[in-house]
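Undergrad: Provide a 3D model corresponding to the input given below.
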Amino acid sequence: MKIYYTNKFISSYKKLPEAIKIESEPKEKLFKKEPFAPSLKTHKLTGKLKGYWAFSINRKYRIIFDFIDKGEVVFHKAGTHDIYKG
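TA: Okay, the predicted model is just below:
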């Protein structure tokens, strides 16, 4: 899986607590191998984020992404559930 990172994602990722960044690294590696691994809780989003997906870093933090081609995704934002609001 090839992952592209938007500037918004990079900015939101930099704001995450250091412990969450560390926790996200193995999740991203797993995502690259198996994006629908049960532990990631990958799910489609609805409402104004229809067409996007998210997976869990942990119970509180998520990464929003979308599929752009077979084997390619774009990470758009990382953070708590508040990232769904805007």
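
Undergrad: so which residues of this structure form strands?
TA: 2-5, 43-44, 53-56, 62-69, 72-79 (DSSP state E).

Undergrad: could you tell me the angle between the fourth one and strand 72-79?
TA: Strand 62-69 and strand 72-79 are oriented at 160 degrees to each other (axes from the mean of the first three to the mean of the last three CA atoms, to 10 degrees).

Undergrad: need the contact partners of strand 62-69.
TA: 3-4, 9, 24, 27-28, 45, 49, 51-57, 73-81, 83-84 (CB atoms under 8 Å, 6 or more residues apart in numbering). (C-beta placed from N, C-alpha, C; glycine too.)

Undergrad: same check, this time on the last one
TA: With contacts defined as CB under 8 Å, 6+ apart, strand 72-79 is touched by 1-6, 8-9, 12-13, 15-16, 24, 35, 52, 57, 61-68, 83.

Undergrad: buried subset of those residues, written for PyMOL?
TA: This is how PyMOL selects the buried members of these, with burial counted by 16 or more other CB atoms under 10 Å:
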select buried, resi 9+12+13+16+24+35+52+57+61+62+63+64+65+83
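
Undergrad: buried subset of the contacts of strand 62-69, written for ChimeraX?
TA: Per 16+ other CB under 10 Å, the buried members of the contacts of strand 62-69 correspond to this ChimeraX selection:
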select :9,24,27,45,49,52,53,54,55,57,73,74,75,76,77,78,79,83,84
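
Undergrad: re the thing from before, which one of the strands of the chain lies nearest to residue 20?
TA: With CB to CB as the criterion, residue 20 lies closest to strand 72-79 of the strands of the chain, at 8.3 Å.
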